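1. got a predicted structure here, sequence first:
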Amino acid sequence: MRTYHAWLDDVRPSPYADQLSLGFRWLRFSRVLEREYRTHLLDESFELKRIALSTAMVIWLALAALDLMLVQPPHLGWILAVRVLVLVILVGCGGLILQRRYIRLLLPLSMACILALGIGAAVIVGIAHDADPSYPYEGLLLVSMAAYFLVGLRLSEALGCALAVLLAYIGAEWLAGLPLPRLINNVLFLLFGNLIGAVGCYLLEYKSREYFLISRLMRLLADRDSLTGLHNRRSFNRQFERLWRQAQRDGQSLALLLCDIDHFKAYNDHYGHQAGDTALQRVGALIEQAARRPLDMGVRLGGEEFALLLFDIGPDEARQRAEALRQALEAAGIPHQSSDSAAVLTMSIGVACLSPGTEGELSQIYEQADRALYEAKAFGRNQVAA
Ligand SMILES: Nc1nc2c(ncn2[C@@H]2O[C@H](COP(=O)(O)OP(=O)(O)OP(=O)(O)O)[C@@H](O)[C@H]2O)c(=O)[nH]1
């Protein structure tokens, strides 16, 4: 399978990039990613399961019509009874699958449908062969193909179902007394059919896993600033609304800290653009550290402008956190000989808060924090204003 090259180093650290480099030829990711992939697969294959279920029911009923032509009583009665029983199972499981509420049951229910179809078909073939050994058994292969390609099962799950169906078939034919050479011939045909299905399913799952990793990686790249690894402005704009809705629901406040490095043009002019980039990365790391709780967010808005969105925090604590951040940069002691404010690199911070129950527009809190930042700059820089 394909190997991934140097470009993955550009997007590290990322578990998706690591997994792409490690490979997954055994169709397995690291534990956390595997869980994420399976949840994604269940979600993605929901529509597929709906289509597969309707298709299976139509084919199952069409085959019942064939039975009416090919099989005579009393075997016909038994076969129709099995068809009805399987149909009842399909309708029951299908009803639960379509409700979507039972997302955890989606996989066992899908497998139950495949097993009901496969074992039902094996029993029907066994009953029919009791009277007429020429009754077509190849329909069993349709069930295996559905398991491999139609239901959104992983290869291991599809293989498990196909094997159970094959065993049920051998058992049913044994009881029906099908001559051994014929049984061997049929089993070999089914085995080869399954081999083709399994190889196809492997390739499909491999591609599905690859797509999963690359799409997650792309999403991460689209949301991150490439220099600092912080969220970018696009991600901030999108997530602010979601966080504000959650804050309203939970009765929590939000604080926005707008941070701007002081005299950064002079820093660039004095130390060069490369050193400027390194300084931006160090500031980014401090912002990242300050956004330590799960719903906090460190952002590089662009150039030497950063933002820190803090969740569940009042105005006093927000101001303290801003002051701590300002001091952390000062304490980092990055020399800045051409600054008018200090001998080291510093930043000014504007703070604004949104309490639950107030109108919460990003533009509103942003303007408020921007005004405060302007004040911090105007009053001499290297300070916090609210
Ligand atoms: N090295 C580097 N510099 C950048 C980057 N993005 C923006 N800059 C520089 O950041 C500087 C910002 O300068 P100004 O907007 O004038 O602000 P300032 O010099 O920090 O002045 P005050 O904010 O008023 O203290 C410009 O010189 C930009 O070239 C970047 O990605 N890397």
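-> On my side now, so go ahead.
2. helix, strand or coil for residue 137?
-> The three-state assignment at residue 137 reads coil, by DSSP: H, G, I helix; E, B strand; the rest coil.
3. could you list the low-confidence segments of the stretch 251-386 of the chain?
-> Low-confidence segments of the stretch 251-386 of the chain, defined by pLDDT under 70, span residues 359-360.
4. tell me which helix or strand the closest residue to the ligand within it sits in.
-> At 2.5 Å from the ligand, residue 276 is the closest residue in the stretch 251-386 of the chain, using C-beta to the nearest ligand atom. In short, each C-beta sits where N, CA and C put it, glycine included. Assigned by DSSP states H and E, residue 276 belongs to helix 273-290.
5. who touches the residue of the stretch 251-386 of the chain closest to the ligand in this structure?
-> Taking C-beta atoms under 8 Å, 6 or more residues apart in numbering as the definition of contact, the neighbours of residue 276 are 264, 267-268.
6. out of those residues, which are inside strands?
-> Among the contacts of residue 276, none falls in strands (DSSP state E).
7. would you turn those residues into JSON lines with distance to residue 59 and neighbour count?
-> As requested, those are arranged in JSON lines below (distance: C-beta to C-beta, whole Å; neighbours: other C-beta atoms under 10 Å):
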{"residue": "264", "distance to residue 59": "68", "neighbour count": "20"}
{"residue": "267", "distance to residue 59": "71", "neighbour count": "23"}
{"residue": "268", "distance to residue 59": "69", "neighbour count": "18"}
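8. and the ligand, which of these reach it?
-> Within the set of those, contact with the ligand (C-beta under 6 Å from any ligand atom) is found for 264, 268.
9. quick one: name the residues of the stretch 101-250 of the chain near the ligand.
-> Within the stretch 101-250 of the chain, the residues that sit near the ligand (C-beta under 6 Å from any ligand atom) are residue 227.
10. wait, doesn't residue 342 sit right on residue 382?
-> Yes: using C-beta atoms under 8 Å, residue 342 is in contact with residue 382, at 5.5 Å.
11. buried set for stretch 299-306?
-> By neighbour count, with 16 or more other C-beta atoms under 10 Å as the criterion, the buried positions of stretch 299-306 are 299-301, 304-306.
12. equivalent analysis for stretch 350-359, please.
-> Taking 16+ other C-beta under 10 Å as the basis for neighbour counts, the residues of stretch 350-359 that come out buried are 350-354.
13. follow-up on the earlier one: is whichever helix or strand comes after the helix holding residue 276 positioned near the ligand?
-> Sequence order places strand 297-302 as the next helix or strand after helix 273-290, per DSSP H and E. No: legend: contact between strand 297-302 and the ligand by C-beta under 6 Å from any ligand atom is lacking; minimum distance shown is 7.1 Å.
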